[in-house]
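# attaching a predicted model along with its sequence, questions to come.
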Amino acid sequence: VVSVLKALPKESLSPEEVFKVLENYVLGDMDPYSGRMWGHIYNAGLDDLLDVARRAYLMFMDKTMLDFTTYPSILKMENDVVSITASLMNGDENVVGNFTYGGTESIMLAVKAARDLFRKKKGNATPEIILPSTAHPAFYKSAEFLGLRVVRTGVDPETFKADVDDVSEAIGKNTAIIVGSAPNYPFGVVDDIKGFGELAIDHDLWLHVDACLGGFVLPFFKKLGEKVPDFDFSVDGVSSISADLHKYGYAPRGASVILHRNKDLRINHIFVKASWPGYPLVNTAVLSTRSAGTLAASWAVLHYLGEQGYVRLAEKILRVKKRLMKELPSLGFKILGEPESGIMAFTSENVNVFRLSSLMTSKGWYVQAQPGSKLLNFPKSLHLTITPNHERVIDSFLQDLSSAMLEIQKTGKTEMNIEEVMKSLGLYESELGDLSGKLDSLLSILDLSEGETPGDMVVINELIHIMPPEMVELVFRSIINDILFKPTRV
Ligand SMILES: Cc1ncc(COP(=O)(O)O)c(C=O)c1O
């Protein structure tokens, strides 16, 4: 049988037929509103809030943010949202910014602005970006897209905060930008932004604070008396901040803000093109045409919740967090570092945490495994993004976690010896460039099917932990390119 690409249906489908298929597609999905996912969803657990966001989204779904001369409402909403975010970040009246479709986009604009400022000062040398190892991959992606050289620095193995001395030593004549996280994604701890600020001032460098995760939750934790290190424009030397509305801002996906301390910095990220026959194209973001739906929903959510609403939601997160901080150690787990945010990671010396994550999946939970890296000395761990919606499920979560742990301990150690598997495939010895011959045998033990989301991740996570990261990157590129993202065939 010759397989062909799935094509448009010859005849139109009815709405019922369309949704029948989609409803069939989602059967294998988790429900993002269930509270059972501890990652990839920031749910306030408020149906009324979702209604407000959806109404605003639909109202603006077909209005474009491409051209600010088209819809006056869009410029107004963007300026409102930026202003509210700047005020949360303790900005003064000089702070400016723009709405973007996500953290990566905000970060890319900051890196682009820093690069172009560097070029104005230093000409054609290759600019460098210094990244503590906990910095989000969006910075590597930005460096790759924008032609910066990455200089990696370390983090403290106990606190998981960026080592400021290490950054200080890494600063050179071509350093264009240094980066701190508030907090970092893997461990939820906030870097020493004051320390970074001093370096930025001493060396006249761009300092970006990645508050994608913390921007809309840390200010409210602070209000509730939690110990949160200063991380925003109150710290001298901070040039730009990214803060994601689609995370703890509780806006729908496709919503973030990039802030600059002043317009002289921001001008470097703006794109304008007049030398073509069409209208002058002006972009304040990476993307051009995009729905104003997520901006409108962000505007609506910010106003509907207000400070009072965000504080109340932050209280819920803190209550769940305190339960976890108390119960996880009593179940024998170790919490990594001292998370100051709504994010935490934990590990275990008694059970394989990848097996635990997989068992929790079979119990209907999503607990993200963080493979870490043996070579880079990053521990294996499990990640929890705590949201207000977790308050109603925390008891059953802890119960299931505890019984999953007992189940694993009862069945004993049945792990496949991954190092042996690697050796038998000759992967340990293989050079990075010489992986092609071994890729097939490697893929054969991973149990992957074309065009389908991988099932059990235990072996994959073990491999990621043990293989050199460069090799993991190579293998993943190939898996993505050759196996998973394949046009549907019928
Ligand atoms: C700390 C941090 N920075 C940046 C990003 C990138 O954000 P996005 O996925 O919205 O592009 C994330 C995403 O999880 C993050 O946790």
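In hand now; what should we look at? Numbering: from 1, shown residues only.

# please enumerate the strands of the stretch 251-400 of the chain.
Counting by DSSP state E, counting those that start in this stretch, residue ranges of the strands within the stretch 251-400 of the chain are 256-260, 271-273, 281-283, 334-335, 343-347, 368-370, 381-385.

# next, see if the last one gets close to the ligand.
No: for strand 381-385 and the ligand, the contact criterion (C-beta under 6 Å from any ligand atom) is not met; the two come no nearer than 8.7 Å. Yep, even glycine has a C-beta here, placed from its N, CA and C like the rest.

# helices or strands up against that strand?
strand 343-347, helix 353-362, strand 368-370 (3 or more C-beta pairs under 8 Å, 6 or more residues apart in numbering; DSSP states H and E).

# now swap in the fourth one and tell me
Packed against strand 334-335 by the contact rule (3+ C-beta pairs under 8 Å, 6+ apart) you find helix 293-330, strand 343-347.

# quick one: buried residues of the first one?
Going by neighbour count (16 or more other C-beta atoms under 10 Å), the buried part of helix 293-330 is 293-302, 304-305, 309-310, 313-314, 316-318, 320-321, 323-324, 327-328.

# count of residues packed around the residue nearest to residue 101 when sequence neighbours are not counted?
Using C-beta to C-beta, 6 or more residues apart in numbering and skipping residues adjacent in sequence, the residue nearest residue 101 is residue 254, 4.6 Å away. By other C-beta atoms under 10 Å, 21 other residues sit near residue 254.

# OK, contacts around residue 254?
101, 102, 246, 290, 291, 293, 294 (C-beta atoms under 8 Å, 6 or more residues apart in numbering).

# pick the most buried one from the strands of the stretch 251-400 of the chain.
strand 256-260 (a mean of 29; mean count of other C-beta atoms under 10 Å).

# just the residues contacting it, thanks.
Strand 256-260 has contacts (C-beta under 8 Å, 6+ apart) with 81-82, 85-86, 89, 91, 95-103, 105-107, 109-110, 113, 212, 215, 233, 239-246, 266, 269.

# tell me, which of those residues make contact with the ligand?
With C-beta under 6 Å from any ligand atom as the criterion, these include 102, 103, 212, 244 near the ligand.

# pLDDT score assigned to the residue nearest to residue 101?
At residue 254, the model reports a pLDDT of 98.

# apart from its chain neighbours, what residue comes closest to the residue of the chain found nearest the ligand?
The ligand sits closest to residue 103 of the chain, with a gap of 2.3 Å, by C-beta to the nearest ligand atom. What sits nearest to residue 103 in space, not counting adjacent residues and going by C-beta to C-beta, 6+ apart, is residue 212, at 3.7 Å.

# right, and the one you found touches residue 247 too?
Yes: between residue 212 and residue 247 there is a contact at 6.4 Å, judged by C-beta atoms under 8 Å.

# possible to save the helices and strands packed on strand 334-335 as CSV with mean pLDDT?
Formatted as CSV, those follow (pLDDT from 0 to 100):
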stretch, mean pLDDT
helix 293-330, 98
strand 343-347, 98
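
# now for the ones you listed, which one comes closest to residue 197?
Residue 197 lies closest to strand 343-347 among the helices and strands packed on strand 334-335, at 22.7 Å (C-beta to C-beta).

# packing partners of the closest one?
Strand 343-347 packs on helix 293-330, strand 334-335, strand 381-385, going by 3+ C-beta pairs under 8 Å, 6+ apart.

# to residue 229, which of the helices and strands packed on strand 334-335 lies closest?
strand 343-347 (14.8 Å).

# what strands flank that closest one, and is each parallel or antiparallel?
strand 334-335 (antiparallel), strand 381-385 (antiparallel) (DSSP bridges).

# now these as TSV including mean pLDDT?
Below are those laid out as TSV (pLDDT from 0 to 100):
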stretch	mean pLDDT
strand 334-335	98
strand 381-385	98
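
# which SSE is immediately downstream of the lengthiest strand in the chain?
Assignment by DSSP state E gives strand 175-181 as the longest strand of the chain. Next helix or strand after strand 175-181 toward the C-terminus (DSSP states H and E): helix 193-203.

# mean confidence for that next one?
Helix 193-203 comes out at a mean pLDDT of 98.

# could you do stretch 262-282 as well?
97.

# what about that stretch, start to end distance?
Terminal residues of stretch 262-282 lie 19 Å apart, using C-alpha to C-alpha, to the nearest Å.

# tell me how far that stretch lies from the chain's centre.
Stretch 262-282 sits 28 Å away from the centroid of its parent chain (C-alpha atoms, centre = their mean, to the nearest Å).

# hmm, who's touching it?
67-68, 94-98, 109-110, 112-117, 120, 206, 239-240, 258, 260, 283-284, 288.

# which parts of stretch 441-450 are buried?
For stretch 441-450, by 16+ other C-beta under 10 Å, it's 442, 445, 446, 448.

# and for stretch 472-483?
Applying 16+ other C-beta under 10 Å to stretch 472-483 flags 472, 474, 475, 479, 483 as buried.

# how about stretch 274-293?
Under 16+ other C-beta under 10 Å, the buried positions of stretch 274-293 are 283, 284, 285, 286, 290, 291, 292, 293.

# do that stretch and the ligand come into contact?
No: Stretch 274-293 does not reach the ligand (C-beta under 6 Å from any ligand atom); its nearest approach is 10.9 Å.

# what about that stretch, how long is it end to end?
Span of stretch 274-293 from end to end, C-alpha to C-alpha: 27 Å.

# for the stretch 301-450 of the chain, what lies in contact range of the ligand?
Counting by C-beta under 6 Å from any ligand atom, no residue of the stretch 301-450 of the chain sits close to the ligand.

# neighbouring contacts of stretch 462-473?
The contact list for stretch 462-473 (C-beta under 8 Å, 6+ apart) reads 354, 371-376, 380, 415-416, 418-419, 422, 427, 432, 435, 442, 446, 475.

# give me the mean pLDDT for it.
Here the average pLDDT along stretch 462-473 is 89.

# same check on stretch 162-181?
Across stretch 162-181, the average pLDDT comes to 98.

# send me it as CSV with only the CA atoms.
C-alpha atoms of stretch 162-181 as CSV (Å, rounded to 0.1, in the frame of the first residue of the first chain):
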residue,chain,number,x,y,z
ALA,A,162,24.3,31.7,39.9
ASP,A,163,27.8,32.1,41.1
VAL,A,164,28.4,35.9,40.8
ASP,A,165,32.2,35.6,41.2
ASP,A,166,32.2,33.2,38.3
VAL,A,167,30.3,35.7,36.2
SER,A,168,32.7,38.4,37.3
GLU,A,169,35.7,36.3,36.1
ALA,A,170,34.0,35.6,32.8
ILE,A,171,33.5,39.2,31.9
GLY,A,172,35.8,40.3,29.1
LYS,A,173,36.1,43.1,26.5
ASN,A,174,33.4,41.5,24.3
THR,A,175,30.8,40.9,27.0
ALA,A,176,27.6,42.4,25.8
ILE,A,177,25.1,41.1,28.3
ILE,A,178,24.9,39.3,31.6
VAL,A,179,21.8,37.4,32.8
GLY,A,180,20.2,36.6,36.1
SER,A,181,17.0,34.6,36.8
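
# so, low pLDDT: which residues of the stretch 1-150 of the chain?
Applying pLDDT under 70 to the stretch 1-150 of the chain flags the ranges 1.
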